[in-house]
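Novice: just need the structure, nothing else, for what follows:
(4 chains)
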Protein chains: 2
Amino acid sequence: MIQKPATIKEIAKRLNVSISTVSRALHDHPGIGLRTKMRVQQIAAELNYVPNQAAISFKQGKTKTVGVILPNFNEDFFSIAITAIEDMTQSNGYTVLIGQSHDNTEREKTIVATMQKHRVDGVLVSLSKNTTDFTPFEQLMANGIPVVFFDRIPNQLDAYTVSCDLSKATEQLVDLLVAQKHKRIGFINGPESMASFKEREEGFRESVKKHKLSEKDITVVSTDLTKEQTTTAIKQLLDKKDRPTAVIAFNDYVALEAIKFTREQGLKINEDISFVSYANLPITTYLEQGLLASVEQFPYEQAEKATEILFTILDEKEDTSALQKNYVFQAEVVMH
Amino acid sequence: MIQKPATIKEIAKRLNVSISTVSRALHDHPGIGLRTKMRVQQIAAELNYVPNQAAISFKQGKTKTVGVILPNFNEDFFSIAITAIEDMTQSNGYTVLIGQSHDNTEREKTIVATMQKHRVDGVLVSLSKNTTDFTPFEQLMANGIPVVFFDRIPNQLDAYTVSCDLSKATEQLVDLLVAQKHKRIGFINGPESMASFKEREEGFRESVKKHKLSEKDITVVSTDLTKEQTTTAIKQLLDKKDRPTAVIAFNDYVALEAIKFTREQGLKINEDISFVSYANLPITTYLEQGLLASVEQFPYEQAEKATEILFTILDEKEDTSALQKNYVFQAEVVMH
DNA sequence: CTGTTAGCGCCTTCAG
DNA sequence: CTGAAGGCGCTAACAG
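Specialist: Here you go, the predicted model:
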């Protein structure tokens, strides 16, 4: 038997009291007779009363809802991030409205519009890989909807950001390889549009200089993260006459693909050639001959911090002027 | 400069027309002067007008929002499912409100309550692994919020379900092993509370009978899906004096763990012992010595179908009486 | 073609 | 301690 959800009005009618009394009773308002309060709460329970958040949102101008815009949920890094966000919001009484851009700027725009329509109280974003126009987000902020970016953050926008710096960790990756007597090193970088491209590049260059590696022993190639280009990239490295004995891959997915290809060429992983990479996906630890190390980028922590910042902004009692605008984690090399 | 979002009222004031004119103009209502319509739409654009969904939801009693309750986003199967749901809802103008139960019945209840509060138009659920009390969901349905379960569906509830039958595929798994001359087979099943437990069990029994395998060559153990219990389970199998030469694992995560342990015992995968399992996670194909096969359970398709069913119910023009209540996919064995 | 108005459920100020 | 009433933004029925 389907019935419409109960309202305070109904409860009021049943008890012959006013709706304001009911409202107050349900909120443990001081100055309501204990007796009435009990009666109200009992009937509410009986009728299965659940306050209508849509009405409350409308009335209060707050939806108790946070928007999350990510490239793709179906990628460990981001699904871990979502988990973090949802864990945090759940305990703060907020709910999460999601949208995935699929690394498509147009879709990203549409999603922003949807969030705006729904009047989410704030938005957490990890940008699509080729977003360069930030006006949709500026629009949000102009309308009083705070935005916090994490991991894939905008390079030229005055906004709250949480990110993970890879340059130092990249240096350490090279240090590690050099310490293990590797001299010829290959490097598979990613799309230039991503902020982390430069961090990897710089860290790598820095360490190459530090260790006085010869330029001819260094090969840098790149991939747009598709399997095809990744295969092309690793092929380029393996085809060199002085093949590198170690490869730094853009991330674990790239590394897995590269390792697979390398194995298929009859080379022995960790004998003929070793791999290190970024992301530190749990899954990579199950390989028999896998990565020497991977760089932990703290998806959970980044997302958690971003959410925390958002809540500080939303919590109007807090003073946001003291809030640090750009929070940076340091990535860490994890040995496997 | 932060400003409050514009309302139709403001647009109306600017143009000295009534709010209903504005409302109609914005909705391309027939019978509004082309001139006025244009003027309204122009001002709306100028003021950056975005309709307040909270107000609309309140007024219409429809939130254009779908709730999704899953055990854990951070598990490939479910993150793929979310992707499917979000892809579908996005193109239908709906938004997704998420909640993860972390396989905890209490949290699941809380999430249901939140969804109810938010008056989502419908809910998609994959149950927590030990949910046996379905009253929260019955409550939802009683309040007119349709619920569609998928994959982890309730066993004793008259409700819309989409699932993937594993019994047939489990039989084929055994067929496959027998064809490869395996006689001693170990089977790691999961928690009994899950509907698929029985499907695996039955399929297995069926095939054991079919192939006339001797009972003493068959060993069935189980895990609650924690690493510890999985390790205990595989240990039990390996410790038998006539160790199985093939193992069917509850799913790929269990398999990965079991394979790792087995390797650490000095056994050679695919020589001393082979593994097959369920879920067919992309990741398992990167192992050098990995699974012989895995059972595809179609997370994307299941979630898509569930969403489709939900939309048919929500679309009141459709006749739901013709709707099939329990949709079943057949799982498929995929060779690796 | 356009304006007026009621009301969705709830909170909150103002009166008793 | 409790009641009455206004209003949040929007839609839709009714009236011009």
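Novice: hey, let's count contacts and neighbours off CA atoms from now on
Specialist: Will do.
Novice: which residues of the stretch 201-336 of chain A lie near chain B?
Specialist: Contact residues, the stretch 201-336 of chain A versus chain B (C-alpha under 8 Å from any C-alpha of the partner chain): A:256-257, A:260, A:283, A:286-289.
Novice: could you dump these to a markdown table with pLDDT, neighbour count and secondary structure?
Specialist: Formatted as a markdown table, these follow (pLDDT from 0 to 100; neighbours: other C-alpha atoms under 10 Å in any protein chain shown; DSSP: H, G, I helix; E, B strand; the rest coil):
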| residue | pLDDT | neighbour count | secondary structure |
| --- | --- | --- | --- |
| A:Leu256 | 95 | 22 | helix |
| A:Glu257 | 96 | 19 | helix |
| A:Lys260 | 95 | 18 | helix |
| A:Ile283 | 85 | 14 | helix |
| A:Tyr286 | 91 | 18 | helix |
| A:Leu287 | 90 | 18 | coil |
| A:Glu288 | 86 | 16 | coil |
| A:Gln289 | 88 | 18 | coil |
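Novice: of all these, which comes closest to B:Asn104?
Specialist: A:Ile283 (24.2 Å; C-alpha to C-alpha).
Novice: and the gap between the residue nearest to the closest one when sequence neighbours are not counted and A:Asp175?
Specialist: Among residues not flanking A:Ile283 along the chain, B:Ile283 sits closest, at 7.4 Å (C-alpha to C-alpha, 6 or more residues apart in numbering or on different chains). Distance check for B:Ile283 against A:Asp175: by C-alpha to C-alpha, to the nearest Å, it reads 29 Å.
Novice: what strands line up against the helix or strand hosting A:Val148, and which way round?
Specialist: Using DSSP states H and E, A:Val148 maps to strand A:147-150. Partner strands and pairing direction for strand A:147-150 (DSSP bridges) are strand A:122-125 (parallel), strand A:160-165 (parallel).
Novice: distance to DNA strand C added to the residues of the stretch 201-336 of chain A next to chain B, as JSON lines?
Specialist: Output for those, formatted as JSON lines (distance: C-alpha to the nearest atom of the strand, whole Å):
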{"residue": "A:Leu256", "distance to DNA strand C": "52"}
{"residue": "A:Glu257", "distance to DNA strand C": "54"}
{"residue": "A:Lys260", "distance to DNA strand C": "58"}
{"residue": "A:Ile283", "distance to DNA strand C": "46"}
{"residue": "A:Tyr286", "distance to DNA strand C": "51"}
{"residue": "A:Leu287", "distance to DNA strand C": "54"}
{"residue": "A:Glu288", "distance to DNA strand C": "57"}
{"residue": "A:Gln289", "distance to DNA strand C": "58"}
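Novice: so which of the residues you listed comes closest to B:Leu237?
Specialist: Closest approach between those and B:Leu237, by C-alpha to C-alpha: A:Tyr286, at 20.1 Å.
Novice: before we move on, the earlier item: quick one, which of the strands paired with strand A:147-150 is nearest to B:Leu237?
Specialist: Comparing the strands paired with strand A:147-150 by C-alpha to C-alpha, strand A:160-165 comes nearest, at 43.5 Å.
Novice: so A:Ala44 sits against A:Glu10, correct?
Specialist: No: checked against C-alpha atoms under 8 Å, the pair A:Ala44 and A:Glu10 is beyond contact range at 9.4 Å.
Novice: who has more neighbours, those two?
Specialist: A count of neighbours by other C-alpha atoms under 10 Å in any protein chain shown puts A:Ala44 above the other of A:Ala44 and A:Glu10, at 21 against 16.
Novice: what residues does that one make contact with?
Specialist: Going by C-alpha atoms under 8 Å, 6 or more residues apart in numbering or on different chains, A:Ala44 touches A:Ile11.
Novice: if we go to 6 Å?
Specialist: A:Ala44 makes no contacts at all, as judged by C-alpha atoms under 6 Å, 6 or more residues apart in numbering or on different chains.
Novice: quick one: mean pLDDT over the helix or strand harbouring it.
Specialist: Secondary structure from DSSP H and E places A:Ala44 in helix A:34-46. For helix A:34-46, mean pLDDT is 89.
Novice: any part of that helix near DNA strand D?
Specialist: Yes: counting by C-alpha under 7 Å from any atom of the strand, DNA strand D has neighbours in helix A:34-46: A:34, A:36-37.
Novice: tell me the first helix or strand C-terminal of that helix.
Specialist: Later in the chain than helix A:34-46, the nearest helix or strand by DSSP H and E is helix A:53-60.
Novice: show me what that next one is packed up against.
Specialist: helix B:53-60 (3 or more C-alpha pairs under 6 Å, 6 or more residues apart in numbering or on different chains; DSSP states H and E).
Novice: per-residue pLDDT, the residue in the stretch 51-200 of chain A positioned nearest to DNA strand C?
Specialist: Nearest to DNA strand C, among the residues of the stretch 51-200 of chain A, is A:Pro51, at 3.7 Å (C-alpha to the nearest atom of the strand). Confidence at A:Pro51, expressed as pLDDT, is 95.
Novice: so who does it touch?
Specialist: B:Lys117.
Novice: nearest to DNA strand D among the strands paired with strand A:147-150 would be which one?
Specialist: Comparing these by C-alpha to the nearest atom of the strand, strand A:122-125 comes nearest, at 17.6 Å.
Novice: any low-confidence regions in the stretch 201-336 of chain A?
Specialist: A:317-318 (pLDDT under 70).
Novice: need the strands for it, in chain order.
Specialist: For the stretch 201-336 of chain A, the strands defined by DSSP state E, counting those that start in this stretch occupy A:218-222, A:246-248, A:274-279, A:293-296, A:326-330, A:332-335.
Novice: could I get the ones you listed as a markdown table with distance to A:Lys305 and mean neighbour count?
Specialist: Shown next, in a markdown table, are the strands of the stretch 201-336 of chain A (distance: least, C-alpha to C-alpha, whole Å; neighbours: other C-alpha atoms under 10 Å in any protein chain shown):
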| stretch | distance to A:Lys305 | mean neighbour count |
| --- | --- | --- |
| strand A:218-222 | 31 | 17 |
| strand A:246-248 | 28 | 27 |
| strand A:274-279 | 18 | 25 |
| strand A:293-296 | 16 | 23 |
| strand A:326-330 | 8 | 15 |
| strand A:332-335 | 17 | 19 |
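Novice: tell me which of those strands lies nearest to DNA strand C.
Specialist: Of all these, strand A:326-330 comes closest under C-alpha to the nearest atom of the strand, at 33.4 Å.
Novice: helices or strands up against that closest one?
Specialist: strand A:160-165.
Novice: any idea which helix or strand carries the most centrally placed residue in chain A?
Specialist: What sits nearest the mean C-alpha location of chain A, by C-alpha atoms, centre = their mean, is A:Ala81, with 4.3 Å. Using DSSP H and E, A:Ala81 sits in helix A:76-91.
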